[in-house]
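> take a look and give me a structure for this.
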Amino acid sequence: MKRGAIVAVFIFLLAAWASGLPVRVLLEETGLARIELEGPHSLWNWGGRLAQVDGPMTYRLLASERGIELVCDRPPCPVAGYVGNLVSFVPREGAFALEDRRYRGFLRVVWQEGRLLLINRVELEDYLMGVLPGEVPASFPYDVLRAQAILARTYTLSRLGSNPYYDLCDSARCQVYLGLDAETERHRRAVRDTAGRILAYHGAPISAVYHADSGGTTAAAEEVWGGSIPYLQAREDPWTPARSWRVEVTPRQVQRVLQDLGYSPGAVQRLSVLKKGPSGRITQLEVTGTSARIVLKTPKANRFLRALGLPSTLASLSGWVFTGRGSGHGVGMSQWGARGFARRGWNYREILAYYYPHTVLTSYRLSAVR
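So this is what the prediction gives:
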């Protein structure tokens with residue numbers, strides 16, 4: 001693996017919680033960045049410390065052909081010009097800001113193939129405090145916040161070492177991460193009250209996927225991604241709002257999406273649903289074009305439908321119009337469904353046991369070798 005990669009991660013599910021676990025979150029991939037440090041800080045690269053700065057400073061970074069170029073917004077600039085293919089900005093006090101959004105931890109910037117990877121290295125529990133506000137409102141029942149904290153922690157552990165440079169992204173493709181200013185005391189308390197708690201299956205963190213609104217029934221993993229997972233099965237979800245929606249597509253739009261997926265259908269003439277899964281989600285489609293007849297099966301069918309703009313795959317098709325219910329992939333806990341259960345007296349343990357059968361709520365201890 002490349003330098004900076006996690007060589008090995010060993011997770012032991014024990015009774016004790018080990019704090020201080022670092023997580024690497026990709027905030028942005030760009031060619032130009034503006035970074036603000038609000039207090040004393042230091043700059044580091046592969047060779048060691050570049051500079052120690054006693055006050056606030058704003059830096060601009062550019063991805064050049066050979067690496068990272070750095071300038072300051074005002075003199076005196078502690079470091080300027082070429083700084084290599086990696087530079088870290090480490091606050092001694094306070095936070096750092098990127099595009100006016102503040103974050104805990106420190107920022108690592110990696111040059112890769114002419115682009116800058118902006119990576120927030122932050123302790124796990126601090127990271128979760130910035131995740132929860134992006135996933136569930138503070139107004140939701142407290143047991144939903146606690147369930148969400150456990151799922152976000154579990155999901156994070158399952159992603160450690162998944163990329164040489166970072167573990168997760170900051171969007172809904174991974175988990176929504178909004179940073180320091182989005183935190184509320186209620187979200188922070190939910191993280192603290194569940195510190196170190198995760199869901200496990202056969203001694204390992206589960207694939208703790210979740211979504212917004214199941215539309216009335218959650219999906220089994222194989223309906224969406226094609227592989228069966230014992231604890232990710234279809235479940236009735238009676239208290240989710242099951243919001244309905246309507247999406248009209250055009251033949252030209254279908255053609256463009258197929259081309260983006262690597263197909264050459266020619267002019268699209270017809271789109272039809274061939275098969276649905278146990279929860280009613282579309283698992284197989286057929287597209288007829290002037291150059292080819294294309295059959296899409298899960299998981300490609302799922303990617304195709306999401307690329308067309310469908311909020312979920314719990315849908316029906318009439319002509320070129322999709323109508324459906326819910327929002328998200330539909331697997332695992334429905335956040336709105338969990339809200340309904342909590343309002344009827346369920347605690348977070350009962351909520352998690354319902355959406356993730358055969359799993360165990362436990363604590364973790366982690367040793368990492370870098």
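> list the contacts of stretch 282-294.
Stretch 282-294 has contacts (C-beta atoms under 8 Å, 6 or more residues apart in numbering) with 223, 254-255, 258, 263-277, 295-298, 301, 304-305, 313, 315, 317. Any C-beta I mention is one placed from the backbone N, CA and C, and that applies to glycine too.
> can you flag the buried ones in the residues you listed?
223, 254-255, 258, 263, 265, 268, 271, 273, 276-277, 296, 298, 301, 304-305, 313, 315, 317 (16 or more other C-beta atoms under 10 Å).
> in helices, which of the residues you listed appear?
Among the buried ones among the contacts of stretch 282-294, DSSP state H puts 223, 254-255, 258, 301, 304-305 in helices.
> reformat those residues as a markdown table; add pLDDT and distance to residue 197.
Output for those, formatted as a markdown table (pLDDT from 0 to 100; distance: C-beta to C-beta, whole Å):
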| residue | pLDDT | distance to residue 197 |
| --- | --- | --- |
| 223 | 93 | 29 |
| 254 | 98 | 45 |
| 255 | 98 | 48 |
| 258 | 98 | 44 |
| 301 | 96 | 35 |
| 304 | 98 | 37 |
| 305 | 97 | 35 |
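> which stretches in the stretch 151-300 of the chain count as helices?
185-193, 221-224, 251-260, 300-307 (DSSP state H, counting those that start in this stretch).
> want to throw those helices into TSV with distance to residue 71?
Formatted as TSV, the helices of the stretch 151-300 of the chain follow (distance: least, C-beta to C-beta, whole Å):
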stretch	distance to residue 71
helix 185-193	36
helix 221-224	46
helix 251-260	37
helix 300-307	39
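> nearest to residue 350, of those helices?
Among those, the nearest to residue 350 by C-beta to C-beta is helix 185-193 (16.2 Å).
> residue 60 belongs to a helix?
No. With DSSP: H, G, I helix; E, B strand; the rest coil as the criterion, residue 60 is assigned strand and is not in a helix.
> circling back: of all the helices of the stretch 151-300 of the chain, which lies closest to residue 174?
helix 300-307 (15.3 Å).
> now do that closest one against helix 251-260, angle only.
When axes from the mean of the first three to the mean of the last three C-alpha atoms, to 10 degrees is applied, the directions of helix 300-307 and helix 251-260 differ by 130 degrees.
> which residues touch helix 300-307?
So helix 300-307 is contacted by 224-225, 257-258, 260-261, 282-285, 296, 313, 315, 322, 329 (C-beta under 8 Å, 6+ apart).
> out of those, which is most surrounded?
Within these, most neighbours by other C-beta atoms under 10 Å means residue 313, with 28 neighbours.
> got the contact list for it?
Contact partners of residue 313, counting by C-beta under 8 Å, 6+ apart, are 219, 223-224, 281-283, 301-302, 305-306, 324, 329-330.
> the residues you listed into a markdown table, with extra columns for distance to residue 349?
Formatted as a markdown table, the contacts of residue 313 follow (distance: C-beta to C-beta, whole Å):
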| residue | distance to residue 349 |
| --- | --- |
| 219 | 23 |
| 223 | 27 |
| 224 | 26 |
| 281 | 28 |
| 282 | 34 |
| 283 | 32 |
| 301 | 35 |
| 302 | 31 |
| 305 | 34 |
| 306 | 32 |
| 324 | 32 |
| 329 | 24 |
| 330 | 23 |
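> and the two most separated of the ones in helices among the buried ones among the contacts of stretch 282-294?
Farthest apart among these by C-beta to C-beta are 223 and 255. That separation is 25.9 Å.
> closest to residue 167 among the contacts of residue 313?
Proximity of the contacts of residue 313 to residue 167 (C-beta to C-beta) peaks at residue 329, which lies at 20.4 Å.
> so which strand or helix has that closest one?
Using DSSP states H and E, residue 329 sits within no helix or strand.
> against residue 239, how distant is it?
Distance from residue 329 to residue 239, counting by C-beta to C-beta, to the nearest Å: 19 Å.
> can you check residue 364 too?
For residue 364, the distance to residue 239 - C-beta to C-beta - is 30 Å.
> out of those two, which sits in the more crowded spot?
Higher neighbour count among residue 364 and residue 239: residue 364, with 22 against 18, using other C-beta under 10 Å.
> quick check: the more buried one touching residue 194?
No. Checked against C-beta atoms under 8 Å, the pair residue 364 and residue 194 is beyond contact range at 11.8 Å.
> report pLDDT for the closest residue to residue 169 other than its chain neighbours.
Closest residue in space to residue 169, ignoring its immediate chain neighbours: residue 26 at 4.8 Å, by C-beta to C-beta, 6 or more residues apart in numbering. Reported pLDDT at residue 26 in the predicted model: 98.
> give me the nearest residue to residue 342, chain neighbours excluded.
Spatially, and ignoring its direct neighbours in sequence, residue 342 is nearest to residue 141 (3.6 Å; C-beta to C-beta, 6+ apart).
> show me where pLDDT drops low in the stretch 1-150 of the chain?
The stretch 1-150 of the chain contains residues with pLDDT under 70 at 1-19.
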